[in-house]
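Undergrad: 3D, please:
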Amino acid sequence: MFKTPDIPTDNLYKFIAIFGLAIFALAIYIFVNNQQSFENSIVNSNLNHSKILLEKSQNDSKRIILDEKIEMLRIKIKVNYGIENTLKISEPEYSKINNKEGFERDYEKLKAFELDNLLLGDKAFHIEKNLEKNHENIKVYTTIPMLILSIIGIGLMVAGFSLWYTKTQKYHDKQLRQ
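TA: I've put the predicted structure just below:
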């Protein structure tokens, strides 16, 4: 029957060194094994980035059109109904209006356009935040954990093997020579 070799854990320093080597090997394995998924996430991120930029440009175009419509309606209200400030209409100004139905219709349209414009502005703000978060996620979740695992593994290996050699192996070598 096949017998597997025993892991040399007769010494704490060897165990630390071998544990560090195992962590380092695990980090390398994870990095190599997940390289394709990292590349896929970057490609997906770039696709999301492109979609977000397209959506942002469409929203910017819609906002420009809405700004023009809002300005046209303000001018129409000013010319047709004599109201300068459409944000706050006083009671005397409202009482002077002859065609109240037409004014109410135009004023409701203006308020709807202004609300749509505000909502598009809010959506553009959230799109920008999502874009920034997308780039941060790529940086954080790909290389940093592998780097940390590698450093821990290398540190444990160096510390374990150097302590094992200086504190144990030199002593055994000295005994063998005598």
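
Undergrad: Show me the helices in the protein, by range?
TA: Per DSSP state H, the chain carries helices over the ranges 12-33, 35-81, 91-96, 100-142, 144-164, 170-177.

Undergrad: ok, residue 13 - how many residues close by?
TA: By the criterion of other Cβ atoms under 10 Å, residue 13 has 18 neighbours. Using the backbone N, CA and C atoms, a C-beta is placed for each residue, glycine as well.

Undergrad: residues in contact with it?
TA: 160, 161, 163, 164, 167, 168 (Cβ atoms under 8 Å, 6 or more residues apart in numbering).

Undergrad: separation between the fourth one and residue 100?
TA: Residue 164 sits 94 Å away from residue 100, taking Cβ to Cβ, to the nearest Å as the criterion.

Undergrad: who has more neighbours, those two?
TA: Between residue 164 and residue 100, counted using other Cβ under 10 Å, residue 164 has the larger neighbour count: 20 against 12.

Undergrad: residues in contact with the more buried one?
TA: 11, 13, 14, 17.

Undergrad: Would you confirm that the first one contacts residue 168?
TA: Yes. The pair formed by residue 11 and residue 168 meets the contact definition of Cβ atoms under 8 Å, at 5.6 Å.

Undergrad: JSON lines for the helices of the chain, including distance to residue 3 and mean pLDDT?
TA: Listed next are the helices of the chain as JSON lines, based on distance: least, Cβ to Cβ, whole Å; pLDDT from 0 to 100:
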{"stretch": "helix 12-33", "distance to residue 3": "19", "mean pLDDT": "86"}
{"stretch": "helix 35-81", "distance to residue 3": "36", "mean pLDDT": "75"}
{"stretch": "helix 91-96", "distance to residue 3": "98", "mean pLDDT": "73"}
{"stretch": "helix 100-142", "distance to residue 3": "41", "mean pLDDT": "73"}
{"stretch": "helix 144-164", "distance to residue 3": "25", "mean pLDDT": "88"}
{"stretch": "helix 170-177", "distance to residue 3": "25", "mean pLDDT": "82"}
